[in-house]
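Enquirer: the sequence and its predicted three-dimensional model are supplied below.
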Amino acid sequence: MDAAEENELLAEAVTPESGDVLNKDEQSNNGDPVPVDVLNKDEQSNNGDPVPVDVLNKDEQSNNGDPVPVDILNKDEQSNNGDPVPVDVLNKDEQSNNGDPVPVVESAGQAQEDVHTAHIVVFGKDGTGKSAFIVRFLTKRFIHEYDPTSEDVYAYNSQIDGRKICLKIMDTAGKVERTVHKREEQIRWGDGFILVLSLASRDSLKEVVRIKEVIEHLNESEKPVVLVATKRDLVHAREVTSAEIQELAKRWHCRTFETAATEDYITVAEPFISLFKDIRKIKEQKGLFPTSFKLDKDIVIADVHKRYKNRLLTQ
Ligand SMILES: Nc1nc2c(ncn2[C@@H]2O[C@H](COP(=O)(O)OP(=O)(O)OP(=O)(O)O)[C@@H](O)[C@H]2O)c(=O)[nH]1
């Protein structure tokens, strides 16, 4: 892609479009779904109406110059009084014939057909920045999170390449509850893994090696992995070199990304999308896509805004 095309893409990226979303719980009189903004039942406006959530993507470029098919734009930020406001995520690749974005179906708690569902588990030593990385992806905002995670599963609904997707993202404990049995359960649950290390911690590099060994020991190496190195911004505290990370990636035949949840959104989103595509390839080969899904007790984006209400920092 040349510089002119790149500029054009970036110009498009700052003018997100709005999109309608179908909610199956909202039915017209003739039984068809009513095209409204995605309704998130957990988010209620003051008058009790559901708060709309739009989801769109745009194109971007990855570090190696390849187009990144998805980017997630969150047009809305926090309202002046600090309350969460609707989240918009646009998919520019998905256009209806008249140019409008294609609706995304989101229906909490109900079985849903024709959705590509993928379970992504995020592993890494405590304090590497897993929660900050995940919340950055979901909300485009950085959190200063000091509370250790036990285990959370987030649901992220969007569209990629013309298909509805639901990513279920598990944030694991770096330290607490890290029993062998727990880790095995998490590995079995996952369709693919994001192994997170901190560029400012050699120990975190050793930890991802250990986790990869457990994955292999459980004969789950067929499941794709991406290696993510966080805290790129802490240049003076750096303890791991890019060459070491590349070496691991070569050994594991996986992609690697260096990022900082404090400063960058694109390099945070890339690993999720890249991993999803690897998972999709494998599942399609096995005839496992599309799938139905349930949100169960997953945390949806609106819940993330609620939970981190006072800790979501504006970029
Ligand atoms: N400078 C910098 N700090 C970060 C970055 N990502 C996370 N942090 C900080 O690192 C600390 C740990 O982040 P968490 O997201 O809680 O780490 P975690 O891996 O989820 O930790 P556990 O839940 O204990 O496993 C927090 O103080 C974050 O603010 C980053 O990219 N740059």
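Expert: Thanks, I have it. Residues are numbered from 1 along each chain as shown.
Enquirer: when you work out contacts or count neighbours from here on, use the C-alpha atoms and nothing else.
Expert: Will do.
Enquirer: tell me which residues of the host helix or strand of V268 are tucked away?
Expert: Following DSSP states H and E, the helix or strand that holds V268 is helix 266-285. Of the residues in helix 266-285, 266-280, 282-283 count as buried by neighbour count, 16 or more other CA atoms under 10 Å.
Enquirer: which strands and helices lie in contact with it?
Expert: On a contact count with 3 or more CA pairs under 8 Å, 6 or more residues apart in numbering; DSSP states H and E, helix 266-285 meets strand 112-124, helix 130-139, strand 192-198, strand 225-230, strand 255-258.
Enquirer: can the last one be said to contact the ligand?
Expert: No. Where contact is defined by CA under 6 Å from any ligand atom, no part of strand 255-258 touches the ligand; the two come within 9.5 Å at best.
Enquirer: any idea how far V228 is from E270?
Expert: E270 sits 10 Å away from V228, taking CA to CA, to the nearest Å as the criterion.
Enquirer: overlap in contacts of those two?
Expert: F257 (CA atoms under 8 Å, 6 or more residues apart in numbering).
Enquirer: so how far is the ligand from the closest residue to L234 other than its chain neighbours?
Expert: Spatial nearest neighbour of L234, excluding adjacent residues (CA to CA, 6 or more residues apart in numbering): A200 at 6.9 Å. Distance, A200 to the ligand, by CA to the nearest ligand atom, to the nearest Å: 9 Å.
Enquirer: on the three-state scheme, A200 is what?
Expert: Following DSSP: H, G, I helix; E, B strand; the rest coil, A200 is assigned to coil.
Enquirer: what is the burial count for it?
Expert: 22 (other CA atoms under 10 Å).
Enquirer: how about the helices and strands packed on helix 266-285, which one is nearest D171?
Expert: Proximity to D171 (CA to CA) singles out strand 112-124 among these, at 5.4 Å.
Enquirer: taking helix 130-139 as reference, get the angle to the closest one.
Expert: 150 degrees (axes from the mean of the first three to the mean of the last three CA atoms, to 10 degrees).
Enquirer: for the residue nearest to L234, which residues are in contact?
Expert: Contacts of A200 (CA under 8 Å, 6+ apart): 231, 234, 237-240.
Enquirer: at 10 Å what do you get?
Expert: 128, 229-241 (CA atoms under 10 Å, 6 or more residues apart in numbering).
Enquirer: dump those to JSON lines, plus pLDDT, distance to T256 and neighbour count.
Expert: Listed next are the contacts of A200 as JSON lines, based on pLDDT from 0 to 100; distance: CA to CA, whole Å; neighbours: other CA atoms under 10 Å:
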{"residue": "T128", "pLDDT": "95", "distance to T256": "16", "neighbour count": "23"}
{"residue": "A229", "pLDDT": "97", "distance to T256": "8", "neighbour count": "24"}
{"residue": "T230", "pLDDT": "97", "distance to T256": "11", "neighbour count": "26"}
{"residue": "K231", "pLDDT": "96", "distance to T256": "14", "neighbour count": "22"}
{"residue": "R232", "pLDDT": "95", "distance to T256": "13", "neighbour count": "19"}
{"residue": "D233", "pLDDT": "95", "distance to T256": "17", "neighbour count": "17"}
{"residue": "L234", "pLDDT": "96", "distance to T256": "18", "neighbour count": "13"}
{"residue": "V235", "pLDDT": "94", "distance to T256": "18", "neighbour count": "10"}
{"residue": "H236", "pLDDT": "94", "distance to T256": "21", "neighbour count": "8"}
{"residue": "A237", "pLDDT": "95", "distance to T256": "20", "neighbour count": "12"}
{"residue": "R238", "pLDDT": "96", "distance to T256": "17", "neighbour count": "15"}
{"residue": "E239", "pLDDT": "97", "distance to T256": "17", "neighbour count": "15"}
{"residue": "V240", "pLDDT": "97", "distance to T256": "14", "neighbour count": "18"}
{"residue": "T241", "pLDDT": "96", "distance to T256": "13", "neighbour count": "11"}
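Enquirer: which residues of the stretch 101-250 of the chain lie near the ligand?
Expert: 125-132, 143-146, 148-149, 173-175, 230-231, 233-234.
Enquirer: and those, which are buried?
Expert: 125-132, 143, 145, 149, 173-174, 230-231, 233.
Enquirer: just the closest of those residues to E258, please.
Expert: Using CA to CA, these come closest to E258 at T230, 6.0 Å.
Enquirer: quick check: the closest one touching P271?
Expert: No. If you go by CA atoms under 10 Å, T230 and P271 don't touch, sitting 11.7 Å apart.
Enquirer: need the residues touching each of these two.
Expert: Shared contacts of T230 and P271 (CA under 10 Å, 6+ apart): 257-259.
Enquirer: which one (most neighbours) among those residues?
Expert: T259 (24 neighbours).
Enquirer: which residue packs closest to it, ignoring adjacent ones?
Expert: Nearest residue to T259, sequence neighbours excluded (CA to CA, 6+ apart): T230, at 5.0 Å.
Enquirer: this completes my enquiry, with thanks.
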